[in-house]
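Q: this one's structure only:
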C-alpha cells in the first residue's frame, strides 16, 4: 500500500524564502543550487508498505527497510518515528498516521507500536 506524505510547511517556507532572496537580487550562483536541493528534498515523499519491506522515497533518496530490522514504530509529535535496530529514529510524516502504523504492524507483528 502506498502512503503519501503530509506537506511539510518548513519545506515551502524555505523554498519561498530562497525565491524571494533571488527576486531581490541575491547571488544566483548560490541561490539556484540551494533552491534545486530544497525542491528535490521536498518532493515527492511517499511510503510503500510492501509485504517484505518498508520503502521510503524522499526526493532522490530511497530507503528499503526490511521489517525484521524495525524495532519500534510510534508517534513523535506530528511525525511517526521508525527505529531500525539501535539506530536513531527515522521521522516520517504519512498523511494518515493511524493507517500507516496499522499497516506496518500487520507486516511486522514483532514491532513495538506506540501511538
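A: Received the coordinates, thanks. The structure presented is a predicted model; accordingly, all values stated were derived computationally and were not measured.
Q: so in the chain, where's the weakest helix or strand by average pLDDT?
A: strand 112-114 (a mean of 82; mean pLDDT, DSSP states H and E).
Q: and it, what does it pack onto?
A: strand 70-76, helix 97-107 (3 or more C-beta pairs under 8 Å, 6 or more residues apart in numbering; DSSP states H and E). (Each C-beta comes from the backbone N, C-alpha and C, glycine too.)
Q: cutoff 6 Å now
A: Counting contacts by 3 or more C-beta pairs under 6 Å, 6 or more residues apart in numbering; DSSP states H and E, strand 112-114 packs against strand 70-76.
Q: quick one: list the elements packing against the strand it packs on.
A: Using 3+ C-beta pairs under 6 Å, 6+ apart: strand 70-76 touches strand 79-84, strand 112-114.
Q: out of those strands, indicate the one that is most buried.
A: strand 79-84 (a mean of 19; mean count of other C-beta atoms under 10 Å).
Q: re earlier: distance to residue 44 added to the helices and strands packed on strand 70-76, as CSV?
A: Shown next, in CSV, are these (distance: least, C-beta to C-beta, whole Å):
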stretch, distance to residue 44
strand 79-84, 18
strand 112-114, 26
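Q: among those, which is nearest residue 21?
A: strand 79-84 (28.3 Å; C-beta to C-beta).
Q: quick check: buried residues in the helix or strand just after the closest one?
A: The element immediately downstream of strand 79-84 (helix or strand, assigned by DSSP states H and E) is strand 90-92. Buried residues in strand 90-92, defined by neighbour count with 16 or more other C-beta atoms under 10 Å: 90, 92.
Q: center of the protein - which residue?
A: The residue lying closest to the centre of the chain (C-alpha atoms, centre = their mean) is residue 92, at 4.1 Å.
Q: OK, contacts around that residue?
A: residue 80 (C-beta atoms under 6 Å, 6 or more residues apart in numbering).
Q: let's see that with 8 Å instead.
A: Applying C-beta atoms under 8 Å, 6 or more residues apart in numbering to residue 92 gives the contacts 5, 47, 56, 79, 80, 81, 82, 100.
Q: tell me, how many residues neighbour the closest residue to the last one other than its chain neighbours?
A: So the one you mean is residue 100. Spatial nearest neighbour of residue 100, excluding adjacent residues (C-beta to C-beta, 6 or more residues apart in numbering): residue 94 at 3.9 Å. As a burial measure, residue 94 scores 21 neighbours (other C-beta atoms under 10 Å).
Q: fine by me, thanks again.
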